[in-house]
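> Kindly generate the corresponding structure for this input.
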Amino acid sequence: MPTASDAEALHIAASRGDAAQVVRLLESGADVEARDARGRTPLLVAAREGRADAARLLLEAGAAVDARGESMSITPLMASAQRGDVALVRLLLEAAADPNAAARNGAGVLARAVIGGNLVVAKALLDAGADPDGAGSSAPPNTSPLWVAVAMKKRDLVNLLLERGANTNTGDSVSDTPFGVAVSGGDATIARMLLEAGADPLRPALSNLPLLAVAIRFTNLPMAELLEEYGLSLAKSDTPNVVTTAERMMLAEAEDRKNKPFAG
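Below is the predicted model of the structure:
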């Protein structure tokens, strides 16, 4: 009869990738779905540690592929996606893991792949049916894969998500749109990518400032030029040349900062 120590030993073997010990414990009747003190199954532990061989053995023994840990309700696929572990992601997808699962904070598998920064993993998830917008409309906008990719300035992933149809205009009362994030983050290349994909340049920043004013606040002339190219202004009739006005305001901003070096 398997004991509690057998269950603990299975978690340890899974975390170490000790395939031989995993086999011995399973053959002796260790519970493949046993939970450790943090509510994790052996499969989740193996996924978090990048132990593909152990994970394969556990799956063959009937481990539930989407069993969640109790803390943030993480699945094995979420863990391996954030690690950027291509082999484990593919193994779990082949075992029918859900590519659209989301944790309690709303961040789903694809958003975690973006955090991990692995383009191959992100493509594999999308090819397996992952929603390019992540966990859907019920999730906070700042957990969407595109929002995360823009915030982390991962241009290759931004491009991939846009190619797969990600919504460029997600945002709410507590989160900027991806375009607003690009402007405040100062990445004119990503901002252009978003505009070309249909981002709305007229939505104000979360601060309720026009986005051009945000660009000026961060003294980003290339961004101001991009915004002018797309018809943005400071919403004043006395600014016939937005970029010239931006240059003047940036100089004034820089001078003000120089005179107030300790100002926030």
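> Please count neighbours and contacts with C-alpha atoms only from this point.
Will do.
> C-alpha coordinates for whichever strand or helix holds Ala47, PDB please?
Assigned by DSSP states H and E, Ala47 falls within helix 42-49. Presented in PDB, the C-alpha positions along helix 42-49 are these (Å, rounded to 0.1, in the frame of the first residue of the first chain):
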ATOM      1  CA  PRO A  42       4.000  15.700  -9.400                       C
ATOM      2  CA  LEU A  43       3.300  16.700 -13.000                       C
ATOM      3  CA  LEU A  44       3.100  20.400 -12.100                       C
ATOM      4  CA  VAL A  45       6.400  20.100 -10.200                       C
ATOM      5  CA  ALA A  46       8.000  18.400 -13.200                       C
ATOM      6  CA  ALA A  47       6.800  21.100 -15.500                       C
ATOM      7  CA  ARG A  48       8.000  23.900 -13.200                       C
ATOM      8  CA  GLU A  49      11.500  22.300 -13.100                       C
END
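> what pLDDT, on average, does that helix get?
Mean pLDDT, helix 42-49: 97.
> In terms of secondary structure, what does that helix contact?
helix 4-16, helix 52-60, helix 76-83 (3 or more CA pairs under 8 Å, 6 or more residues apart in numbering; DSSP states H and E).
> For the longest one, buried residues please.
Of all the residues in helix 4-16, those buried under the rule 16 or more other CA atoms under 10 Å are 6-16.
> Likewise for the second one?
If you call a residue buried by 16+ other CA under 10 Å, then helix 52-60 has these buried ones: 52-59.
> for stretch 29-43, same thing?
Under 16+ other CA under 10 Å, the buried positions of stretch 29-43 are 30-36, 40-43.
> Quick check: the farthest pair among the residues you listed?
Ala30 and Arg40 (14.9 Å; CA to CA).
> Which member of the buried residues of helix 52-60 is positioned nearest Asp156?
Ala52 (26.6 Å).
> Give me the nearest residue to the closest one, chain neighbours excluded.
Among residues not flanking Ala52 along the chain, Leu88 sits closest, at 5.5 Å (CA to CA, 6 or more residues apart in numbering).
> And Ala19, by the same measure?
Ala54 (5.3 Å).
> how about the one you found, what does it touch?
Contacts for Ala54 (CA atoms under 8 Å, 6 or more residues apart in numbering) come out as 14, 17-19, 22, 43, 46.
> Show me which of these are buried.
Counted by 16+ other CA under 10 Å, the contacts of Ala54 give 14, 17, 19, 22, 43, 46 as buried.
> mind showing which ranges of the stretch 101-250 of the chain have poor pLDDT?
135-139, 141, 172-175, 204-220, 232-250 (pLDDT under 70).
> Just the element for the spatially most central residue of the chain, please.
By CA atoms, centre = their mean, the mean C-alpha position of the chain lies nearest to Ala111, the distance being 2.9 Å. Ala111 belongs to helix 109-116 when assigned by DSSP H and E.
> following that helix, which helix or strand comes up?
helix 119-127.
> Which strands and helices lie in contact with whatever helix or strand the residue nearest to Ala52 lives in?
Using DSSP H and E, Leu88 maps to helix 86-94. With contacts taken as 3+ CA pairs under 8 Å, 6+ apart, helix 86-94 sits against helix 52-60, helix 76-83, helix 119-127.
> can you pull the contacts of Arg68?
Per CA under 8 Å, 6+ apart, neighbours of Arg68: 39-41, 44, 74-76.
> phi, psi of Tyr230?
phi -100, psi 20 (degrees, to the nearest 10).
> For burial, what's the neighbour tally of it?
Neighbour count for Tyr230, taken as other CA atoms under 10 Å: 15.
> what's the domain layout of the protein?
If you go by automatic domain parsing, the domain ranges for the chain are 1-64, 68-167, 175-264.
> deepest of these, which one?
Comparing those by mean neighbour count (mean count of other CA atoms under 10 Å), domain 68-167 ranks first with a mean of 21.
> What is the end-to-end distance of it?
Taking CA to CA, to the nearest Å, domain 68-167 runs 28 Å from one end to the other.
> If anything else comes up later, I'll come back, but that's it for now.
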